[in-house]
Structures are given as structure tokens and as C-alpha cells.
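> build the 3D model from these lines:
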Amino acid sequence: MAGVGGLAIGSHPVPLGTTIDAIFHYDPTNSDHLIVVKSRVPRLVLGIVVGAALGAAGALMQAVTRNPLAEPGLLGVNAGAAFAVVIAIGYLGVTTVGGYLWFAFIGAALSSVLVYLLGTAHRSQGTPVRMALAGAAISVLLLALTNSMLLGNQAAFNQFRYWAVGSLQGRGLDVTVIVLPFVLAGVAITLVLIRPLNAIALGEDASRALGVNPGVTRAGAAIAVVLLAGAATAAAVPIGFVGLAAPHIVRSLVGPDQRLLLPTVLVVAPAFLVAADTVGRWAIAPGELQTGIAAAVLGGPVFVMLVRSRRMASL
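Predicted structure coming up:
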């Protein structure tokens, strides 16, 4: 339903019959067909890929850190991507989405690796807590450096402020093709980790008794989060609410069992993101509300209701 709405609804509504006809009997001389096939289909496909990546990354972060407020940004993904993009804009003259993409991904990956190394430097301390603290410290440092560079470069600031809001607009299938292998690899690792994540939820001693190494599981989860969140951030810019809220929404429906939670998140999170993007295009037509803002506006009340109703299941 969200996908069909994403193709038909927008600043220029397209009848459902015309939308279906555009997909199966494309006519390049028909303006409605052009809108659906050239603009909305690539946007829908990217929304599905990014939504799945953010949802899975958020669920992994919450499972590994056992922190209900954990989300992909906890590993410094957003801050690293923003820092790299500002360098690309301000010092290397990059002005295209395709150019931003690789810088954002590299920045997200490097910052995440740094956070992981700092968080696991001393095994005598609780790794989830150390990773959270390391992520916060690295994020603050990178954001401070990013802001200092932006203050001295008005042109870079003007370009960066649009990038930083979070949007699926202006991204073609070429962007999806670039990030899709990273997302698929991250999803594959996520599915492999389902059993170990259920085991470490019982505690480290119990997980070891079940033959699961908590350190290896956390390392695998960190790699998956870097691939998933790094690719999503590079493609669509930070859209933070999806990774935080989608796992909680799914957990309230199916419980904390990762065998049910993770596969369901891969369906619910893309549907949520596509719905938010559709609402953003429709709400202030002919203008457009950025996807990151629409996701927070649409999902915020649902998230609050879950908390107030105490249906948010235990991690």
C-alpha cells in the first residue's frame, strides 16, 4: 500500500490506473508516465532500500547495546558522514549527489570503525557502555569540526544545510545501484546474527554457555551497522527517526525474539519511510517537506503512544 501510494500521490497526483499503466505499458510521450517511471519509481526503490537498512541497523544497535534509545547514529555514522561531506563541498569542490555519496560513506565507515576500536579497547569495561560513550565523544568532536568549517565557508553552508535535512529527492537509480551491495551484505550479516543476538540477550555468561562468543557477535553487528547505516546515510542523508522507532514498533507487535523482530523490521521500516516520504510530498504541495522531517512528524506520535501505553517490550 505504501509503495502504491508513493507512486500515485505527490504534488502532482496520478490516478491509480494511470500509475499501473505507466509501470506495465510505459509511454515516454505521456507526462504522467514520465513522472511515475523517471521520478517516483527510483525514489520508491531507494526508499525501500534505505528504510530496510536503517531499520535493521537500529534493531542491531538496540540488541547489541541493550539500550532502547540506541540508533545508528550512536556509532558516529551521521557525524562522520557530515564531516566528510563538508570537506568534499568546501575543499574539493564536489557539488553532485553522486560525488557526496562516496565521501559520506567513507566518512561514516571510518568514524564507526574509530568508535568501535575505542569502545572495545579495554575488555575489563562493559563494551556496550564504552561504545555508547565513544560514539558520543566522536560525534561531538566531528560535529564541532564540521560546524567550524561551515562557519568560515558560506557557500559550503548553503549546500550542506539542504543535504543535512534528509531526503530521497533527486536520487536516481544510479545511487541505489551503488549502495545496494553494501545494504545486501549488511542484511545478510544481520540474518546470520539472529541466533547469537537471542543468546546474548540472556547475558554474557549464558550466551557463552550456549556456545556464542559475545565479542564476535558484537564485532559482526558493528560491521553490519557500518554497512547498513553508512550506505543509508550516504544515499539519503541522516534520517534518524526510522532506526530508533521502527524496531520498537515491531517489538510491540512480535516481541523481542530476534527471529521474528529482524525479518519484520525489514518490512515495516521501508513501509514507514516510504509512507513518510509520500506524506512529505503531499502535505505542502506543490512544495515538499523533507523526508527526515516527515518521518519524525509521522512517527513521533506513534512512538509516544507506544511508550505511554507501556507496550514497548523489553529488550
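> pLDDT value on the nearest residue to Gly73 once chain neighbours are set aside, please?
Spatial nearest neighbour of Gly73, chain neighbours left out: Gly240 (5.7 Å); criterion: C-beta to C-beta, 6 or more residues apart in numbering. Using the backbone N, CA and C atoms, a C-beta is placed for each residue, glycine as well. Per-residue pLDDT puts Gly240 at 71.
> okay, now Gly240: neighbour count?
If you count neighbours by other C-beta atoms under 10 Å, Gly240 ends up with 20.
> show me where pLDDT drops low in the stretch 151-300 of the chain?
Within the stretch 151-300 of the chain, the stretches with pLDDT under 70 are 162-167, 170.
> picking that back up, and the gap between the residue nearest to Gly73 and Ala232?
Per C-beta to C-beta, to the nearest Å, Gly240 is found 10 Å from Ala232.
> then Ala283?
Ala283 sits 23 Å away from Ala232, taking C-beta to C-beta as the criterion.
> and what of Thr95?
As judged by C-beta to C-beta, Thr95 and Ala232 stand 22 Å apart.
> who has more neighbours out of the two?
For Thr95 and Ala232, the more surrounded residue by other C-beta under 10 Å is Ala232, and the numbers stand at 36 against 11.
> you'd agree the more buried one is up against Leu54?
Yes. Between Ala232 and Leu54 there is a contact at 5.0 Å, judged by C-beta atoms under 8 Å.
> okay, and the common contacts of Gly240 and Ala232?
Shared contacts of Gly240 and Ala232, defined by C-beta atoms under 8 Å, 6 or more residues apart in numbering, are found at Pro72.
> ok, which stretches of the stretch 1-150 of the chain are helices?
Assigned by DSSP state H, counting those that start in this stretch, the helices in the stretch 1-150 of the chain fall at 2-8, 16-24, 31-34, 41-65, 77-92, 97-119, 127-151.
> quickly, which of those bottoms out on average pLDDT?
Minimum mean pLDDT among the helices of the stretch 1-150 of the chain: helix 2-8, a mean of 63.
> phi first, then psi, for Gly287.
Per-residue torsions, Gly287: phi -80, psi -170 (degrees, to the nearest 10).
> around it, how many other residues sit close by?
If we define neighbours as other C-beta under 10 Å, then Gly287 has 9 of them.
> relative to Gly230, how far out is it?
Distance of Gly287 to Gly230, computed by C-beta to C-beta: 30 Å.
> and what of Ala56?
Noted for Ala56: a distance of 13 Å to Gly230, by C-beta to C-beta.
> same check on Leu298?
Distance, Leu298 to Gly230, by C-beta to C-beta: 25 Å.
> those two: which is more packed in?
When Leu298 and Gly230 are compared for neighbours, Gly230 comes out ahead with 30 against 20, by other C-beta under 10 Å.
> show me what contacts that one?
Val77, Ala81, Ala104, Phe105, Ala108, Ala109, Ser112, Phe182.
> would you turn those into TSV with neighbour count and distance to Phe272?
Shown next, in TSV, are the contacts of Gly230 (neighbours: other C-beta atoms under 10 Å; distance: C-beta to C-beta, whole Å):
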residue	neighbour count	distance to Phe272
Val77	35	19
Ala81	34	21
Ala104	30	22
Phe105	25	23
Ala108	33	22
Ala109	24	25
Ser112	27	24
Phe182	21	21
